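Novice: Quick one: sequence plus predicted model below, questions after.
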Amino acid sequence: FMAADAAWEEKATSLLNLAGSDPSGYLGRLTSEEQKTLDEFRAQVASLEKSWTPDDADLLRYLRARQFDLAKALKMIEHSFAWFKKTNPDAINLEDIRQVYDSGNAMPFGVDKRGRKAMWFFTKFHTSTYSQQAIANAFWMMSTQLQGLPAGEECFTVVFDLTGYGMKNADVKWCAAVINGLQNNYPERMGMCLLVNPPSVFQLLWKVVKGWLAPRTVAKIEFIDGDYQKKLLSLFDVDQIPSALGGTGTLTPQQYVCERAGPPPKEKPKKKGWFSWSRSGSAATSEGSNASFEAEPMDEEARKLQEEFAKANVSED
């Protein structure tokens, strides 16, 4: 047991420190060629129509994501400017995506031992019936968790609690949209991603999802099973772990949204949907906040998998 614990502690330390560990490519440690590329990139970006103003640290994230290929990085950031202008995740009203929280699906909470803010997804509460709201929430959390980071940090941490995950929770549309948005518009922003207590059925989804991920992203993903509660303590202080995963953190998604947007509606409309009661319905209708989060077209394998999950959901119901 001690040998196994020592091996995990070494792995946990490596995982915590992986983001930003490259010998070059960052402010303060650029090669002469990388500095030249950054200068050229900055000059070319200056002439673009922008929805936000990038600093050098931002520019370097796009360059690293495209291996310092100037043309590819320029195309990437131009697309990203258009994406943020169209979606504007910062403007999403929490009230309009509260079904995600009232169902217990997700919440921002705590920090890892490196001080990076964390997002927690409790997948057994997710269903594809509100994919659009869940997609909008994922990007809203990404944007909010990047605010007020410790000096020198530029990443967030993601944790998926897969306890109780089944076919009815599988949502290929959500995965495709979030992965596409994360990799193309929040490059180099994920410090680590933990997949906790994954059941065997999750491997069906992972087989497809892994193919959508860049190698740099895959390297930051870790499956945690077995004594997962103990393993999480190597990555988070106990009060930074939700009680659902063995920590002493008492905040729940339901409490999170009630503290910020008030109690949920007394009755959920049966025909018009959850969002018909909200002030603007922006997350559901792509109005108001302009939130319109579209996935890249799914490949054949993904489409077949989605069909399998849909059939399984019908049989389960």
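Specialist: In hand now; what should we look at? Since the structure is predicted, the reported quantities are computational estimates derived from the model, not experimental observations. Numbers count the residues shown, from 1 in each chain.
Novice: use CA for all of it now, contacts and neighbours both
Specialist: Noted.
Novice: Distance check, residue 61 against residue 245.
Specialist: Distance, residue 61 to residue 245, by CA to CA, to the nearest Å: 32 Å.
Novice: More neighbours: the two, which one.
Specialist: Counted by other CA atoms under 10 Å, residue 61 and residue 245 do not tie: residue 61 has more neighbours, with 21 against 18.
Novice: So what's the predicted local confidence for that one?
Specialist: Predicted confidence (pLDDT) for residue 61: 97.
Novice: mind listing what residue 90 touches?
Specialist: For residue 90, the contact set (CA atoms under 8 Å, 6 or more residues apart in numbering) comprises 140, 143-144.
Novice: same question, residue 252
Specialist: 104, 107, 242.
Novice: Ramachandran coordinates for the closest residue to residue 197 other than its chain neighbours?
Specialist: The shortest distance from residue 197 to any non-neighbouring residue, by CA to CA, 6 or more residues apart in numbering, is to residue 225 (4.5 Å). Main-chain torsions, residue 225, degrees, to the nearest 10: phi -130, psi -160.
Novice: Residue 86 and residue 75: what is the separation?
Specialist: Taken as CA to CA, the span from residue 86 to residue 75 is 17 Å.
Novice: of the two, who's got more company?
Specialist: Neighbour totals were compared for residue 86 and residue 75, and residue 86 leads with 16 against 12 (other CA under 10 Å).
Novice: chain center to the host helix or strand of that one, what's the gap?
Specialist: According to DSSP states H and E, residue 86 maps onto helix 70-87. The chain centroid and the centroid of helix 70-87 are separated by 19 Å under CA atoms, centre = their mean, to the nearest Å.
Novice: list the helices and strands the very next helix or strand once past it packs on?
Specialist: Per DSSP H and E, helix 70-87 leads on to helix 98-102 as the next helix or strand towards the C-terminus. Helices and strands touching helix 98-102, by 3 or more CA pairs under 8 Å, 6 or more residues apart in numbering; DSSP states H and E, are helix 131-145, helix 253-261.
Novice: out of those, which comes closest to residue 9?
Specialist: helix 131-145 (26.2 Å; CA to CA).
Novice: by how many degrees do the next helix or strand after that closest one and helix 131-145 diverge?
Specialist: Next helix or strand after helix 131-145 toward the C-terminus (DSSP H and E): strand 156-161. Using axes from the mean of the first three to the mean of the last three CA atoms, to 10 degrees, the direction of strand 156-161 lies 140 degrees away from that of helix 131-145.
Novice: Mark which of the contacts of residue 252 are buried, thanks.
Specialist: 104, 107, 242 (16 or more other CA atoms under 10 Å).
Novice: List just the nearest of the residues you listed to residue 32.
Specialist: residue 107 (42.0 Å).
Novice: Show me what that closest one is bridged to.
Specialist: residue 120 (DSSP bridges).
Novice: returning to that earlier point: mind checking pLDDT for the residue nearest to residue 197?
Specialist: Looking at residue 225, the pLDDT reads 92.
Novice: got the contact list for the nearest residue to residue 118 once chain neighbours are set aside?
Specialist: The shortest distance from residue 118 to any non-neighbouring residue, by CA to CA, 6+ apart, is to residue 157 (4.6 Å). Residues near residue 157 by CA under 8 Å, 6+ apart: 111-112, 116-119, 190-193.
Novice: And the residues you listed, which is closest to residue 95?
Specialist: residue 119 (18.3 Å).
Novice: returning to that earlier point: so who does the residue nearest to residue 197 touch?
Specialist: 196-198.
Novice: Let me have those in a markdown table, adding neighbour count as columns.
Specialist: As requested, those are exported to a markdown table (neighbours: other CA atoms under 10 Å):
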| residue | neighbour count |
| --- | --- |
| 196 | 22 |
| 197 | 20 |
| 198 | 18 |
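Novice: Can you flag which of the residues you listed belong to strands?
Specialist: Counting by DSSP state E, the contacts of residue 225 place residue 196 in strands.
Novice: Out of the contacts of residue 225, which comes closest to residue 80?
Specialist: residue 196 (30.6 Å).
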